[in-house]
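Student: just coords:
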Ligand SMILES: [Zn+2]
């Protein structure tokens, strides 16, 4: 989801490499880069947790962030039935209706939120790993951790574009994006937005932390977000603000770097009104998707083997049904 359109479809590398020496393409790339870097003003960012009704039509919304967007007051809200998020002027909301909180608590979003803060809090792969009911299809999630090499997975996006052309519908994909990746990959970020704007992709932006800490060789209990000194507010809210500054709307979903978490972090997500997304089909680890699976691959080039296997398995995965939006998990 976006509050601003992107321009251009520049490529820096990959199978269909474009030659930036061409003056036209170089200009397009410059434009795209400028667009991706161009920032909306986000100020006075704060965490809230308020249940409201939209004055116009009574829609139940949970407001979870408050800030000024280009100088205007805005809430980031989630529709508790559909899990769709958007920005709204707080004056369009009635947040004083006492029945709203009770209705939100029994809504799909309210129930999912409660379910996620229950023990036993495993350190590996806590969160939603599979659809809660029977569905026809799978959930494609691709992580954009900070990239160790410049190997954005164009082959993956080319394949998804082909599927969209074949079906005539945008392909649902949840992109777990870190703030650091966004800051360092203007052109790749723009490529994704362009595919979304061309209705080839239906993108859900999943928060993958801001700095995505990782120390090679460090044991899990002190690695990723569990590394001593990591500040949860900075990690959660930093990535959200990177998206908002580029006119993109964060979802209510969070993916833990390395799928590593603990009770404290699950409670932090709860306090931030977010839902953790795990995976039961991490393709690079040899886990095979079935109907309702949350598939995990990396789109940043950090795990090329996963994308290779995913593309090879695609005919089989397609027999399970289409890729579904994360809202269908519930
Ligand atoms: Zn990651």
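Tutor: Done, it's in. Keep in mind that what you see is a predicted model, and the values were worked out from it rather than measured. Numbering: from 1, shown residues only.

Student: okay, domains of the protein per the record?
Tutor: Domains of the chain are assigned by automatic domain parsing as 42-114, 123-329.

Student: now whatever residue of the chain ends up closest to the ion, nearest residue through space, not along the chain?
Tutor: Using C-beta to the ion, the closest approach of the chain to the ion is made by residue 145 at 3.0 Å. All C-beta spots, glycine's among them, are computed from the backbone N, C-alpha and C. Leaving aside its sequence neighbours, residue 145 sits nearest to residue 212 (C-beta to C-beta, 6 or more residues apart in numbering; 5.0 Å).

Student: wait, that neighbour touches residue 257, no?
Tutor: Yes - applying C-beta atoms under 8 Å as the test, residue 212 and residue 257 come out as touching, 4.7 Å apart.

Student: got any residues that touch both of those two?
Tutor: Taking C-beta atoms under 8 Å, 6 or more residues apart in numbering as the criterion, residue 212 and residue 257 both touch 145, 178, 224.

Student: got a pLDDT number for residue 92?
Tutor: We have a pLDDT of 98 for residue 92.

Student: burial check on it, number of neighbours?
Tutor: A count of nearby residues for residue 92, using other C-beta atoms under 10 Å, gives 13.

Student: follow-up on the earlier one: point out the most buried one among the domains of the chain.
Tutor: Burial of the domains of the chain is given as mean neighbour count (mean count of other C-beta atoms under 10 Å); domain 123-329 ranks first at a mean of 19.

Student: distance between the ends of that one?
Tutor: Domain 123-329 has an end-to-end distance of 22 Å (C-alpha to C-alpha, to the nearest Å).

Student: now it, how far from the centre of its chain.
Tutor: 6 Å (C-alpha atoms, centre = their mean, to the nearest Å).

Student: averaged pLDDT, that domain. What do you get?
Tutor: Taken as a whole, domain 123-329 has an average pLDDT of 97.

Student: okay, strands next: where are they in the stretch 151-300 of the chain?
Tutor: 171-177, 201-207, 253-254, 275-276, 281-282, 294-298 (DSSP state E, counting those that start in this stretch).

Student: in a markdown table, list these along with distance to the ion.
Tutor: Formatted as a markdown table, the strands of the stretch 151-300 of the chain follow (distance: least, C-beta to the ion, whole Å):
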| stretch | distance to the ion |
| --- | --- |
| strand 171-177 | 7 |
| strand 201-207 | 11 |
| strand 253-254 | 12 |
| strand 275-276 | 13 |
| strand 281-282 | 11 |
| strand 294-298 | 7 |
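
Student: so which of those gets nearest residue 318?
Tutor: strand 171-177 (11.0 Å; C-beta to C-beta).

Student: contacts only, for the nearest residue to residue 157 once chain neighbours are set aside.
Tutor: Leaving aside its sequence neighbours, residue 157 sits nearest to residue 195 (C-beta to C-beta, 6+ apart; 6.2 Å). The contact partners of residue 195, by C-beta under 8 Å, 6+ apart, come to 9, 157, 160, 161, 201.
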